[in-house]
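Engineer: structural data only, the sequence is not supplied:
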């Protein structure tokens, strides 16, 4: 069996500490996103751990929001790298943050099934990019999302946060 | 010091297993929602555990989505009980599920600060209710949400999910 290709996260942010997608988070979800063969979508598969139940037998909607948030953001960043004609992992690093996260829960999502997230950028890849994401439980579309991701200077973001902690903690 | 009054979750669903708000979940977040003294809002305070970081020093947006999802749903259910002139914990139990979850991330949310969620129903309390929720990090409004929660028959929901697992797993 051939080794799977490295994910966008492994290529572009191996030191990431995000609970959802950080490669270096000690106990996080470690979601992995890859370009689809169609060259348009970015895909992620994930089997929800038992603890992330909402109702008995159903996946917790807040857990799905975590998957969609990180995977949609990586979809935006993948499109930015491509728009600049370079590979994820080349410098300078591209970072985006969530501006809006909008989810529609269309059907209950059953536990015990691998989920597939399929996302793409709709319209221009710009400072703010719109990402459409579908969540499939096997062949059932259970959740759709239509969200905005904003390109940022990560160093600036962290220094803003540090100054805010000092003034509000 | 007087004992705090029981939360909506403790009164109405002590057997709940939801990762975000279930009183009986062995390792979940166990968020607690209470009517505010103003009789209009429902509030929840929560200090994000260290693991739920996004960027260094910042709370993970997907974690905030979990808090908002459960607390907004409990806000809808609290309004349903009140609209029927009865207390949470009386039977039959009222259940709602998330129809849409729409979050706007306005500012980075710093780690190390207790968050306050303040939510209310906007408009009619009906089969579908609209809930506005604000997330405050001390005195800074960092996230707003405008979401829809749908009243359901919980028994029917679980049986639907069970039949879906059988056909898709």
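Structural biologist: Looks like it arrived, so ask away. As the structure is a computational prediction, the values presented were derived from the model and not from experiment.

Engineer: quickly run through the sheet partners of the helix or strand hosting residue A:104, with directions.
Structural biologist: In this assignment (DSSP states H and E), residue A:104 forms part of strand A:95-105. Paired neighbours of strand A:95-105 in the sheet (DSSP bridges): strand A:140-152 (antiparallel), strand B:95-105 (antiparallel).

Engineer: for the ones you listed, which one ends up most surrounded?
Structural biologist: strand B:95-105 (a mean of 22; mean count of other C-beta atoms under 10 Å in any protein chain shown). C-beta: built from backbone N, CA, C; applies to glycine.

Engineer: nearest to residue B:25, of the strands paired with strand A:95-105?
Structural biologist: strand B:95-105 (16.4 Å; C-beta to C-beta).

Engineer: contacts for that closest one?
Structural biologist: For strand B:95-105, contacts defined as C-beta atoms under 8 Å, 6 or more residues apart in numbering or on different chains pick out A:55, A:61, A:65, A:97-105, A:108, B:61, B:64-65, B:68-69, B:72-73, B:76-77, B:80, B:128-129, B:142-154, B:157.

Engineer: roughly how far apart are the closest residue in space to residue A:43 that isn't next to it in sequence and chain B?
Structural biologist: The shortest distance from residue A:43 to any residue other than its chain neighbours is 4.9 Å, reached at residue A:36 (C-beta to C-beta, 6 or more residues apart in numbering or on different chains). Using C-beta to the nearest C-beta, to the nearest Å, we find residue A:36 at a distance of 21 Å from chain B.

Engineer: so residue A:36 is in contact with residue A:45, correct?
Structural biologist: No - Residue A:36 lies out of contact with residue A:45 (C-beta atoms under 8 Å); the separation is 11.5 Å.

Engineer: show the subsequent helix or strand relative to the strand holding residue A:104.
Structural biologist: From strand A:95-105 onward toward the C-terminus, using DSSP H and E, the following helix or strand is strand A:115-122.

Engineer: for that next one, give me every contacting residue.
Structural biologist: Contacts of strand A:115-122 (C-beta under 8 Å, 6+ apart): A:36, A:40-48, A:59, A:64, A:67-68, A:71-72, A:75-76, A:79, A:109, A:129-137, A:146.

Engineer: inside helices: which ones of the residues you listed?
Structural biologist: A:64, A:67-68, A:71-72, A:75-76, A:79 (DSSP state H).

Engineer: residue A:78 - how many residues pack around it?
Structural biologist: 23 (other C-beta atoms under 10 Å in any protein chain shown).
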